[in-house]
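Peer 1: What follows is a predicted structure for the sequence shown.
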Amino acid sequence: MTTVTYWTGDAGTAKSETLFQRNMKLFASSRLSMFFLFITLGFVFMAIAAPLIAPHDPSDADLFRRLLPPAWMDGGDWSFPLGCDALGRDILSRIIFGSRVSIFIGVTVILVATTIGVLAGLAAGYLRGWVDIVISRLVDILLGFPYLIFAIALIAMTGPGLQNIVLALAYKEWVIPCRVVRGETLATSGVEYVEAARAMGASKSDIMLREILPNILSPVLVVSTVRMAHVIILEASLSFLGLGVQPPMASWGSMVADGRSFMLQEWWLSTFPGLAILLLVLSINVVSQGLRDAFDPRFHD
Amino acid sequence: MGLGKFIERLLQLIPVLLGVSIIVFVMMLFTPGDPVAIMLGDQHVTEELENALRHDMGLDLPPHQRFFKFLSNALTLDFGLSYYHRQPVWDVIASRLPATIELSLAALVFALVVSIPLGVLAAVHKNSLLDRIATVTSLFGVSLPGFWFGILLIIFFAVNMHWLPVAGRAGFESEVAPITHLLLIDSLLRGRIDAFWDALRHLILPTITLGLPMASILTRVTRASMLDVLNRDYITFAEAKGLSKTKILIKHALKNALIPTVTVAAIETGSLLGGNMVVETVFGWPGLGRLVVESIFVRNYPLIQAAVLFYAVTYVMLNFFADILYTMLNPRVKL
């Protein structure tokens, strides 16, 4: 398989923490990155505080408000700013609650996958031998499945639902940080300070977790953010296909799907939840790009 | 690359393909519900008949024997009967395949045609307005959820402007006798310009939706590698020799700058396969992706399994060819 390099830097040239801190300062100096980081955190806040900030109950249906247009259009009502869906539920409140699904799945899948991927990648890259062979083969096999198909096949077996989606996505997602970490570990394990630690009799797990891991945090962070944006789109796609979280729980992908049959007249049903997905994914992608630029030594001088 | 290396790489595919089929088989083992019961539906039959059916389908064998049977059947494209269509699974898949191939190829062509000129121009005019537009557009391209973007395109171009059809692959009036089963090519071969035009009009919106993320990625790749090449010594040397700018660009820079683009395009063609399911659903495109999605809701498991295996094998092969292509184009890389 062709290796995609997310990171081309030489991880071992400076002392670990100072390099990471310097990178983060460089990241923080970019106004564009900070602006989109702010938006991303805004979405996280929205997800956490959903019950407090949503103007209505997202499942509160009222057929008298069926297909109510957004407030600024004829017949709109400012207590339902973005209008109502086919069951008369407030679209704004559903979008606010829907952020919980996107962010919960994005964060959980990436946390699980990164933890497993980092540990597997460290083991494969540092221990080498049969450990590397087993892990690398498994990675190659899982990479053989297109992502969405793999997730769909798993969900077809296990049924939809929050937990099953997280599992279906994490089963394959860990492969990506694993490959990156394995490559970085291979490059790092011959460096002087690792040799020094080894000479001082540090245990293998100590060398992996205390010497190598802190030095490869930057590429891991970049990959995690890019992948989180990707996972959020995947979850939305699954929900759109009807394989995501089940009604009445609100998710952005299923809101777009529900609005599809009304797209000729009531365009707002699909448009607003789609905009929410776009804004969140775009923000994460810009943040990720900022991190990558900050971590790339070619941009340092 | 020598023939020996090629064969070595080819042999390395065997464990991967074997692993892929084991995973698909294990998925099948853990699928809930008894296949015989699902197949029979509401029909009541005697126990002997049920056991005979179970024996016919090889379900009474121990798992490892079932796996070898599954594998040898798969090699002859025998995936059993589609519960829903009452037809061999492979026949159903094969009937849907041309539509998916046509859409994927169109998306690939679209992505290449858009991204290569855009990436090159953005690199040559670095930091210009065009460069910024290309950067922002490609950022949007990878962030747009395809299903939503497709709906927006339908609302605008089909519903409001009436320029393009809302959904489907072609109207009834433009049916042509199949040769390749790809409508664009068949209609031209049969000399049916009207049918070609109709097929093209149906193809435009799904192609853009499916190809946009790929076009965005390829624009970035082309821009980056072009910038890299333009800084090389041999370009400076060519400039010093006084060669014209266009000549340097085409003869010296482009040839080398396109190596990463072609490689990434080959890899990304695999990811078009995943996008197919969403795009085909949005546009009512009668392809394999939509078939898989429909099959999930009617619990047509044999078809899903066959399709997953088919997608995976295609994906592995595409990645293999991407690898080979990269090695052939780039003599510095040794396998």
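Peer 2: Received the coordinates, thanks. Residues are numbered from 1 along each chain as shown, chains lettered A, B, ... in the order given.

Peer 1: tell me the mean pLDDT for the lengthiest helix in chain A?
Peer 2: Looking across chain A with DSSP state H, the single longest helix is helix A:91-127. Across helix A:91-127, pLDDT averages out at 94.

Peer 1: ok, now stretch A:211-221?
Peer 2: For stretch A:211-221, the per-residue pLDDT averages 86.

Peer 1: Figure out how far that stretch is from the centre of its chain.
Peer 2: Put simply, stretch A:211-221 sits 19 Å off its chain's centre (CA atoms, centre = their mean, to the nearest Å).

Peer 1: Next, the buried residues of the one helix or strand residue B:257 maps to.
Peer 2: Using DSSP states H and E, residue B:257 sits in helix B:255-283. Neighbour-count burial for helix B:255-283 flags B:256-283 (criterion: 16 or more other CB atoms under 10 Å in any protein chain shown). In this view, the C-beta of every residue, glycine as well, is placed from N, C-alpha and C.

Peer 1: can you give me the helices for the stretch 201-301 of chain A?
Peer 2: A:204-206, A:217-240, A:252-260, A:268-295 (DSSP state H, counting those that start in this stretch).

Peer 1: May I see the ones you listed organised as CSV, with mean neighbour count and distance to chain B added?
Peer 2: Formatted as CSV, the helices of the stretch 201-301 of chain A follow (neighbours: other CB atoms under 10 Å in any protein chain shown; distance: least, CB to the nearest CB, whole Å):
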stretch, mean neighbour count, distance to chain B
helix A:204-206, 12, 27
helix A:217-240, 25, 5
helix A:252-260, 25, 5
helix A:268-295, 23, 3
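
Peer 1: Residues of the stretch 51-200 of chain B that sit close to chain A?
Peer 2: B:139-140, B:142-149, B:151-152, B:154-155, B:159 (CB under 8 Å from any CB of the partner chain).

Peer 1: Which among those residues count as buried?
Peer 2: B:139-140, B:142-149, B:151-152, B:154-155.

Peer 1: can you list those in a markdown table and add pLDDT and distance to residue A:238?
Peer 2: Shown next, in a markdown table, are these (pLDDT from 0 to 100; distance: CB to CB, whole Å):
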| residue | pLDDT | distance to residue A:238 |
| --- | --- | --- |
| B:139 | 91 | 24 |
| B:140 | 93 | 22 |
| B:142 | 91 | 18 |
| B:143 | 93 | 18 |
| B:144 | 93 | 17 |
| B:145 | 92 | 11 |
| B:146 | 91 | 13 |
| B:147 | 92 | 10 |
| B:148 | 94 | 14 |
| B:149 | 94 | 17 |
| B:151 | 92 | 17 |
| B:152 | 92 | 20 |
| B:154 | 91 | 21 |
| B:155 | 88 | 23 |
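
Peer 1: is it possible to export those residues to JSON lines including secondary structure?
Peer 2: Listed next are these as JSON lines, based on DSSP: H, G, I helix; E, B strand; the rest coil:
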{"residue": "B:139", "secondary structure": "helix"}
{"residue": "B:140", "secondary structure": "helix"}
{"residue": "B:142", "secondary structure": "helix"}
{"residue": "B:143", "secondary structure": "helix"}
{"residue": "B:144", "secondary structure": "coil"}
{"residue": "B:145", "secondary structure": "coil"}
{"residue": "B:146", "secondary structure": "helix"}
{"residue": "B:147", "secondary structure": "helix"}
{"residue": "B:148", "secondary structure": "helix"}
{"residue": "B:149", "secondary structure": "helix"}
{"residue": "B:151", "secondary structure": "helix"}
{"residue": "B:152", "secondary structure": "helix"}
{"residue": "B:154", "secondary structure": "helix"}
{"residue": "B:155", "secondary structure": "helix"}
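
Peer 1: Which elements pack onto the worst-scoring helix or strand of chain B on mean pLDDT?
Peer 2: Within chain B, no helix or strand scores below helix B:35-40, which has a mean of 74 by mean pLDDT, DSSP states H and E. When contacts are defined as 3 or more CB pairs under 8 Å, 6 or more residues apart in numbering or on different chains; DSSP states H and E, helix B:35-40 packs onto helix B:47-56, helix B:301-329.
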